[in-house]
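Colleague: quick one, structure for this:
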Amino acid sequence: MEASAGLVAGSHNRNELVVIHGHEEPKPLKNLSGQVCEICGDEIGLTVDGELFVACNECGFPVCRPCYEYERREGSQLCPQCKTRYKRLKGSPRVEGDDDEEDIDDIEHEFNIDEQKTNTSIAEAMLHGKMRYGRGPEDDDNAQYPPVIAGGRSRPVSGEIPISSHAYGEQMMGASLHKRVHPYPSIDGPGSGRWDDKKEMGWKERMDEWKMQQGNLGHDNDDFADPDMAIVDEARQPLSRKVPIASSKINPYRMVIVTRLVVLAFFLRYRILNPVHDALGLWLTSIICEIWFAFSWILDQFPKWFPIDRETYLDRLSLRYEREGEPNMLAPVDIFVSTVDPMKEPPLVTANTVLSILAMDYPVDKISCYISDDGASMCTFEALSETAEFARKWVPFCKKFAIEPRAPEMYFSEKVDYLKDKVQPTFVKERRAMKREYEEFKVRINAMVAKATKVPPGGWIMQDGTPWPGNNTKDHPGMIQVFLGQSGGLDVEGHELPRLVYVSREKRPGFQHHKKAGAMNALVRVSGVLTNAPFMLNLDCDHYINNSKAVREAMCFLMDPQVGKKVCYVQFPQRFDGIDRNDRYANRNTVFFDINMKGLDGIQGPVYVGTGCVFRRQALYGYEPPKGRKRPKMVSCDCCPCFGSRKKLPKYSQNGGNGAADIQGFDDEKELLKSQMNFEKKFGQSPIFVTSTLMIEGGVPPSSSPAALLKEAIHVISCGYEDKTEWGTELGWIYGSITEDILTGFKMHCRGWRSIYCMPKRPAFKGSAPINLSDRLNQVLRWALGSVEIFFSHHSPVWYGYKEGKLKWLERFAYVNTTVYPFTSLPLLAYCTLPAICLLTGKFIMPEISTFASLFFIALFLSIFITGILELRWSGVSIEEWWRNEQFWVIGGVSAHLFAVIQGLLKILAGIDTNFTVTSKASDDEDFGELYAFKWTTLLIPPTTILIINLVGVVAGISDAINNGYQSWGPLFGKLFFAFWVIVHLYPFLKGLMGRQNRTPTIVVIWSVLLASIFSLLWVRIDPFILKTKGPDTKQCGINC
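Modeller: The predicted structure is shown next:
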C-alpha cells in the first residue's frame, strides 16, 4: 500500500477500476533553519536610518524586523538567545511594558528555566528487566493466534514476559502450572554487575519507594533484595484498577435515594386519595404527570447506584509491551474520521483532527487513519492532500518538543505560557517558524474553501485534467487514495509517518446508504482489507485528540490479559471548546458524562455516544465475548441422604484441575461458525475480507499484493455489497435510527460484552458544540428523534434481548431511559401549563392541606434537594453545571423532545420521514458571536407560549388577589411558586430569544415588565385621583342616619 499509488476509483458492480496518477505534484519543503534571520530565514534588512537592523543590543542575535515586531506584539518579548527583553527601537510601535520597564535590566530572568527531574537510569533498568508470567507449555501452545502483519511492519501482540535465566526457573515452570513464578535471586548470576554506581543508587531509591508502597521497608526477606524482582512484580500487575467511591460519600447517597422513594410513594398515595372536586380535570392531569415523572426518575436514578472511577498505569503498559531491544508489541489501531459537507464541516477543522491523530504518542507503524468523505467533495480531497504535506513538518515538531494539544489551531490559540517546561534552546525558533508554516497552510485551505463555494458548469477538474469522479455526489464510484503509507510517508527528518487513507464509498441511485452508519461500516471493511487492526477508534471530524496518550489509556483496558478480552469498547467523555463561560444551554452536558456514565461503568459499562470510542473489531463483527471456565457443581458424599447421591466429577476435576478445560476463546466459536453458517451471507462476498474477520489479533495475509488489496477495498465499499448480508442488523454500526450509536452499543451489551468508561486527567478528545439556541435545539431534536425511532423498532430495549439474558437489569433500565425520555415532554408540557391555568381560573390542583399532609411535601422537596447535593458531592460536578442541566431539561423537553415525539409518530404511523441537518462546526470570528444570533425555528413556539401564559397568569393572579382582599393571598402563593418554577427554568431560553443586550441585562427587562404590569393594576385598583364617598347618600335615600 504505497502513498504514491494515486487515486483509485471504481465500481465493482460495473467492473470498472481507474487509477489516476499525477494529481499531486511534489512540493519542495522549505528549509526551516534559515540563512540570515535565525527565525524565518529572510534577510534582516535595514533600519529607518539605513543601518543594519539589530534587534537585541545585548547579544546581537540576528532577527529581522517582522520577527522582532511579532515577538514584541504576540510573543514573550524576549530575545531567543540571551533572554533579554526587547527594547523599543526607532520606528517600532509601542507595546505593553515599554514605559514601565524601559530601564529595567532583565538579566536576572535570563536563566529562569524550570529544572526537570529525570529518571533515565530507572527507566533503562525497568525496560531491561527480564520477566515472565509463569505458564505451562500447553498455555504457549494454545496461545498461537494469527500474527499481526498489517503491512509487514507489526508482530503478534502478546502480553507474555520472557522468563528470567535464573537457576531455578525451569524447575519452577515444570512444577507450578498456572501460578506466578518468582525465580530465586542469584547473587553471582548474570546481570548482577551490569549497573554502574549511579544506576545502582537509582535502583536503591526505586526499591525503597516500592517497599514503602508495599509496607515492607526494612524487611530482610531475600526475595526483595534483587531489584529485578520489583520490575517483575510491577509488570505482572494489572494495567488498570477500579477506584470505588468513598463509602462516606456513596452510602448517604443511597440512603437518601431509598428515603426519597418511600416519601414519593406516600406523596402519590396522598395525591390520589385526596382529589380536588371543583377541579377534577386539572387534578387528574397533574396526577398522571406526577406518576410519569416518578417512573422516569426511577429509570434515571437506579442505574447510578454503583458509580466507580478508574485508574490506568501507562508505565506498566510500556513495561509489558514496549521492552527495549525488542519489537514494539502494542496493538495496531485503525482510526476513523467521518465528514460529509465541507461547507458545514470546514476542512480546516477536519485537518486539525487528522494532524492530531498523526502526531499522537503511539508507534507510527501501528496507526492508520481513514477519512470517510461521504460527500465526495474535491475540496475535502485537496485539503487532505495539503494536510498530508503539512504533517511532514508538524508531526516531528510535536514529538520533538512533546507539545499538547497536537492540533495546531488549538495549540497556537492557547493563551498560556508556551515556554513553560521547555528547555531546548531551539524551541522558540522552531515554534515561530512552525506557526508561520501553519498560517500559510491555513491560507491555502481557506482558499480551497472559497473556491469550492461556486461549482464550475462542467464540474470540477483535477490537476492532470481528469474530471473529478465525485462531481455527482449521489451517483459516483468508490474512491480510495493513500496519502501516507509505507513508501512516501516520511517526515522532514526522514522518520516514518502513520498511514493516511482517503475513502469515499460508492453511491448510486436506488440504493439505501444509511447515512453515517453506512459510512462507518464501509470504513470497517476497507480497514479490514488494508490494515485490519484489532482495535478501532472513531472520531467526528471536529473532535481532535487533546491528550496524545489517549489511545494508550484505552489499551490499558483492552490489552489487559485479565479483563481485556471481554471489553467491547472503551468510551471517553466528550469535552468541548468554544462554549460560553456560563454554558447557557448546557452544551457541556457534564451531568450525563460525569454522573450517569460513571454509574453505568459500575454495572455493565457506559453507552456508546458516537465519538471518542475505541472498539474491539471482533465485537463489531458480531462475535460474543470469550467464555470463562465454569465453576464445578457442588457434589456430596453418600453419607447424608439429604444432599442426594454422589455425582460424577467433571473431566477437568478428575484430571486434577491442571487446565484440561482451558478458557473457551474465539477459536471454538470460529470453528463452529465455519461448520454451521455461510460466511459470505454474514460478511459479504469478499474472500480477503472474510479471511480478515478470522484473525483475532489483526493483520493481513502476507501474500496479498498492494494492488490486490486496493482492488478488494473498492469492492467492499461498493453500494450493493451489503445486500443480503447481516451488515447493519447484526454486524458493525446498526441501522434503523439516526442515533446509530445507541443501537450499536446496545447490541454488544446484549451479547454479553462489557464496556469501560475512561476519564484521564487531561481530556482525551475535545470538539465543538453549537452554542446558538436554535442550533442547540435542532441537535437535541435529532438525538430525541433517534431515541423515538429505537423505541418503536425491533431493537427496542423494552422488549429486545431477554432471550439470552446477558444484559443486566440496571443496564436495561438505562437503555430504556435513553429511548423513553422524549415522551416525558408530554407530561412536562402539561405540567408547565398548569400553573398559568390555575392562576387564570382561580382553581388549584391540590386541596387545602393539613399540617400533617404538608410534611409529605416538605419531605419530598428536601429529599430532592439532598439527593442533588450528595450526587454533586461524589461526582465533582459543580452546582452551576447541575442547575444549567435542570434548566435545559425543561427547555428541551417542551420544544425539541415534543417535536421528536410528533415526528417519530408521523414516521411510524404515516411513513412521513424527516431529514436531519448536519450541525455546523464553524464558529464566528467574534468570541461567542454565534451565541447571540437569533435564528427562527418552529421549535421556539412551545416554550415561548408557555413563558407568555405564565407571565400573564402571574399578573392576573396578583390582580385577582388585590381585588378580592387579603383572604385570597394564601392560596395564591402556591400557584405563584409553580409559575415562578416554570419561568426560572425557562430563563436561559428567554435570554436566547432577546439576543444580545448591550446595556440592559435581560433580567432587568423581565422584572421591569412584570413589576410595571403589577403596579399598573394596583394603580387602577386604588385610583387616587377620584374622590370616593363612603356609605349611602342621605339626600337621595331620605334616611336620616
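Colleague: can you pull out the low-pLDDT segments for the stretch 101-250 of the chain?
Modeller: Applying pLDDT under 70 to the stretch 101-250 of the chain flags the ranges 101-236.
Colleague: quick one: the strands in the stretch 551-700 of the chain?
Modeller: Applying DSSP state E, counting those that start in this stretch to the stretch 551-700 of the chain gives strands spanning 567-571, 575-577, 613-616.
Colleague: ok, which of these comes nearest residue 800?
Modeller: Nearest to residue 800, of all the strands of the stretch 551-700 of the chain, is strand 567-571, at 17.3 Å by CB to CB. For every residue, glycine as well, the C-beta is placed using N, CA and C.
Colleague: hmm, back to that, of all the strands of the stretch 551-700 of the chain, which one is nearest residue 858?
Modeller: Closest among the strands of the stretch 551-700 of the chain, using CB to CB: strand 575-577, at 38.9 Å.
Colleague: the strands of the stretch 551-700 of the chain: lowest mean pLDDT?
Modeller: Mean pLDDT per stretch puts strand 575-577 lowest among the strands of the stretch 551-700 of the chain, at a mean of 89.
Colleague: in its sheet, what does it sit against?
Modeller: strand 765-768 (parallel) (DSSP bridges).
Colleague: the strand it pairs with: what's the following helix or strand?
Modeller: helix 773-791 (DSSP states H and E).
Colleague: taking helix 773-791 as reference, get the angle to the helix or strand following that next one.
Modeller: Using DSSP H and E, the helix or strand that follows helix 773-791 in sequence is helix 809-820. With axes from the mean of the first three to the mean of the last three CA atoms, to 10 degrees applied, the angle from helix 809-820 to helix 773-791 works out at 120 degrees.
Colleague: residues touching helix 809-820, excluding its own?
Modeller: For helix 809-820, contacts defined as CB atoms under 8 Å, 6 or more residues apart in numbering pick out 296, 298-300, 302-303, 305-306, 596, 600, 603-605, 607, 742, 746, 749, 787-788, 790-791, 796-798, 801, 807.
Colleague: could you flag which of those residues are buried?
Modeller: 296, 299-300, 302-303, 306, 596, 600, 603-605, 607, 742, 746, 749, 787-788, 790-791, 796-797, 801, 807 (16 or more other CB atoms under 10 Å).
Colleague: now do stretch 593-609, average pLDDT.
Modeller: Stretch 593-609 comes out at a mean pLDDT of 93.
Colleague: tell me how far that stretch lies from the chain's centre.
Modeller: Relative to its chain's centre, stretch 593-609 lies at 12 Å (CA atoms, centre = their mean, to the nearest Å).
Colleague: endpoint to endpoint, that stretch covers what distance?
Modeller: 10 Å (CA to CA, to the nearest Å).
Colleague: where's the residue nearest to residue 842 when sequence neighbours are not counted, which helix or strand?
Modeller: Counting by CB to CB, 6 or more residues apart in numbering, residue 842 lies nearest to residue 960, which is 6.5 Å off, once chain neighbours are set aside. According to DSSP H and E, residue 960 maps onto helix 941-964.
Colleague: so that helix versus helix 773-791, what angle?
Modeller: Going by the same axes, to 10 degrees, helix 941-964 makes 110 degrees with helix 773-791.
Colleague: who touches the next helix or strand after helix 941-964?
Modeller: Downstream of helix 941-964, the next assigned helix or strand under DSSP H and E is helix 969-985. If you take CB under 8 Å, 6+ apart as the criterion, helix 969-985 is touched by 832, 834-836, 838-839, 844, 846, 886-887, 890-891, 946-947, 950-951, 953-954, 957-958, 960-961.
Colleague: next SSE downstream of the helix or strand harbouring residue 396?
Modeller: Per DSSP H and E: residue 396 is located in helix 378-401. Once the chain leaves helix 378-401, the next helix or strand it forms, by DSSP H and E, is helix 408-413.
Colleague: among the strands of the stretch 551-700 of the chain, which is nearest residue 85?
Modeller: Checking the strands of the stretch 551-700 of the chain against residue 85 by CB to CB gives strand 575-577 as the closest, at 32.1 Å.
Colleague: residue 301: neighbour count?
Modeller: Using other CB atoms under 10 Å, residue 301 is surrounded by 18 other residues.
Colleague: so who does the residue lying closest to it once chain neighbours are set aside touch?
Modeller: Leaving aside its sequence neighbours, residue 301 sits nearest to residue 257 (CB to CB, 6+ apart; 6.1 Å). Contacts for residue 257 (CB under 8 Å, 6+ apart) come out as 301-302, 305, 867.
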